[in-house]
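Asker: generate a structure from the sequence data that follows.
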Amino acid sequence: MSLGTLSMAQQFRMRREGRGTDWIGLYGREGVHRALVDTASASSMVTDSAAASSAWGGGLRVANGAINVGPRGEQPQPLLDAARASGRATGLVTTATITHATPAGFAVNAPGRSDEDAIAELYLRSQIDLFLGGGARFFDPARRTDGRDLFAAFAQAGYAVARDRAALSRLPQGGRVLGTFSSGHLPFSLDRAASPDIAANVPTLAEMTELALARLGAAGGDRGFVLQVEGARIDHAAHANDFGALVHDQLAFDDALAVALRFASGRDDTLIVVTTDHGNSNPGLNGTGGAYRDTDAAFERAFTLRQTNDWIIDGLSGESDAAAVRDRIVLGTGLNVSKSEAALVHRALRKDYADAYRARSSAVVILGQVLANHLAVGWTGISHTSDLAELVALGPGSPSFSGLLMNLQVHPLLREALGLPRASA
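Answerer: Residues are numbered from 1 along each chain as shown. From the prediction side, this is the model:
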C-alpha cells in the first residue's frame, strides 16, 4: 500500500460517508505511536512480498522470492512458531491465497514463494490454530500436483474445515480451523458487492477478523495470541492500476481494523500494529482544471464504479469489437468513456498498442490509464516501490515503534512485546 492509497481511502470515505477511516483516525489518538519503515530486501531496494514478510515475520532480510531463508541458508524462527512455542494461540487471515507470501512469512521457512503446494504442507506441520483466506486449490487433491488430499489431512489433524461463508457460522466451538473460500485469491471487494452469489459464499475481511479474534482469544486464554491479518488485494489492485478495486479493498481492510480496535477497546493487554510491507504503483489524486476546481467532481465519479478493471477485461478478448469494449467499460464503471478512449483498450486487447512506458501496455492497465482521465487518479507504474512504509501502533510495547526503522528491526520489537527471547537464525 502506497501512502496515496491511504490518503485517497480517507478522502473517499469522508466524501461518500461523511466519516474518516479508522487508520487515519489513529493519528489523533492518545497513546498511539508512529514510525516510517525502510522496506528493502537483501537483493533489491524494492522488495517483493516474500522478502518483506520475512523481514517482519522472521527478522532477516532475504532475497526477493524466498520466505525466511537467508542468502547464506539461514532459517530464522518465524514469529508464529515462536509464539506457539510460548503457549500462545496463533492465526493467519488474508484475502490472498492463505499460502501466499505474506501469511507464509510469519509462519514457515520455504526457499521459494511460488511452491504453495509445499507451503500448505508446512502449514499442516505448523500447529497454527487458524487459517482463513483463499487458496483451496493448494489443499484439493484434484488440483495439487501430488494429488494429496490436504483437506482430509487437516481434518484428521483436528482442524474444522470450512469452504464457504455459511460454514463459518456452523463451526464447532473451540479447536483449530482451516477456512478457504476461493480456489485462488478471494474476489475483490468491489466485485463481491456486485454479486449476491459471491457475497453469500465469501466472507469479508472484517468477518474473518472478527471470527479469528473471538476464537484465538478463547484459545489463548491467559497466554494470549498472535494474529496476522492481510488486506492482500490492495496490492493486486495497485498492480492493475485499478482505483475502484484499490479503494474498496483498502476500506475493507479499514473495516477489519475497526474490528480489531473494538476488540482491544478497554483492554490493557493488546498490542495492535498497522502497516504495509511496501508501496505499490504510487497512486495519487492529481489536480485537474483551472486552479484544480475540477478535481473534487472527478474524484467523486469513482462513486459510480460497479466492477473492477479485471472484471471488465475478463469479459472481453482480442476478438471483441470496439463497440463491445466501450459497452463493457461503461457497464462496469458507469463512466461516459469516449469511443477514442475505448479504442485504446481495444488496441491493447489486440496487442497492437504500446504505452510509452512499455510495462504499462496490458489491456487492464491501459484501462486504468483511461479511467484516470475521468477520476483524476494517476499512477507512477505497475509494481512495488521503494517508498518508506507507514506504521502505527497502540497498546503495550507500542512506544518502541517510532522514528525510522528498517523492516527487519520490527520483528525483535514484536518478540519483545511478547516477552520472547531474541531470535537467532
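Asker: the helices in the stretch 201-350 of the chain, which residues?
Answerer: 205-220, 233-239, 243-264, 295-300, 309-314, 322-333, 339-349 (DSSP state H, counting those that start in this stretch).
Asker: same thing with the stretch 1-150 of the chain?
Answerer: 3-17, 22-26, 49-58, 79-85, 101-105, 116-126, 150-156.
Asker: who does the fifth one touch, helix- and strand-wise?
Answerer: Counting contacts by 3 or more C-beta pairs under 8 Å, 6 or more residues apart in numbering; DSSP states H and E, helix 101-105 packs against helix 49-58, strand 89-97, strand 225-230. Heads up, the C-betas are built off the backbone N, CA and C, glycines and all.
Asker: beyond the helix or strand of the chain with the lowest mean pLDDT, next helix or strand please.
Answerer: The least trusted helix or strand in the chain, going by mean pLDDT, DSSP states H and E, turns out to be helix 165-169, with a mean of 94. Using DSSP states H and E, the helix or strand that follows helix 165-169 in sequence is strand 176-180.
Asker: where does pLDDT dip in the chain?
Answerer: Where the chain drops to pLDDT under 70, the residues are 424-425.
Asker: domain assignment for it?
Answerer: As assigned by automatic domain parsing, the chain contains the domains 3-283+383-418, 285-378.
Asker: mean neighbour count added to the ones you listed, as TSV?
Answerer: Converted to TSV, those look like this (neighbours: other C-beta atoms under 10 Å):
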stretch	mean neighbour count
domain 3-283+383-418	20
domain 285-378	18
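Asker: returning to what we had before: give me the contacts around the least confident helix or strand of the chain.
Answerer: Contact partners of helix 165-169, identified using C-beta atoms under 8 Å, 6 or more residues apart in numbering, comprise Ala162, Gly179, Phe181, Ala200, Asn201, Val202, Pro203, Glu207, Met208, Leu211.
Asker: where do the strands of the stretch 301-425 of the chain begin and end?
Answerer: Ranges of strands in the stretch 301-425 of the chain, per DSSP state E, counting those that start in this stretch, are 377-378, 384-385, 389-394, 403-406.
Asker: counting by contacts, list what the first one packs against.
Answerer: In this structure, strand 377-378 makes packing contacts with strand 284-285, judged by 3+ C-beta pairs under 8 Å, 6+ apart.
Asker: now do 10 Å
Answerer: helix 3-17, helix 243-264, strand 284-285, helix 363-375 (3 or more C-beta pairs under 10 Å, 6 or more residues apart in numbering; DSSP states H and E).
Asker: of the helices and strands packed on helix 101-105, which approaches Leu335 most closely?
Answerer: strand 89-97 (25.9 Å; C-beta to C-beta).
Asker: if I pick Val273, what's in contact with it?
Answerer: Neighbour list for Val273: 33, 35, 56, 228, 391-395, 397-398, 401, 410, 413-414, 417 [criterion: C-beta atoms under 10 Å, 6 or more residues apart in numbering].
Asker: again, but for Ala101
Answerer: Going by C-beta under 10 Å, 6+ apart, the list of residues near Ala101 reads 48-54, 64-67, 94, 110, 113-114, 116, 119, 230, 232, 277.
Asker: backbone dihedrals for Tyr159, please?
Answerer: phi -90, psi 140 (degrees, to the nearest 10).
Asker: can you check the one 3 residues further on too?
Answerer: Main-chain torsions, Ala162, degrees, to the nearest 10: phi -120, psi 130.
Asker: that one: what's it in contact with?
Answerer: Leu132, Leu168, Ser169, Arg170, Leu171, Val177, Leu178, Gly179, Thr180, Phe181, Pro203, Leu211.
Asker: which residue is the nearest non-sequential neighbour of the fifth one?
Answerer: Here the nearest residue to Leu171 in space, its sequence neighbours aside, is Ala160; by C-beta to C-beta, 6 or more residues apart in numbering that works out to 5.2 Å.
Asker: got the CA coordinates for whichever strand or helix holds the one you found in CSV?
Answerer: Assessed by DSSP H and E, Ala160 sits inside strand 159-162. Extracted as CSV, the C-alpha positions of strand 159-162 are listed here (Å, rounded to 0.1, in the frame of the first residue of the first chain):
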residue,chain,number,x,y,z
TYR,A,159,-9.0,-28.9,12.1
ALA,A,160,-12.6,-27.9,11.3
VAL,A,161,-12.6,-27.3,7.6
ALA,A,162,-14.8,-24.5,6.1
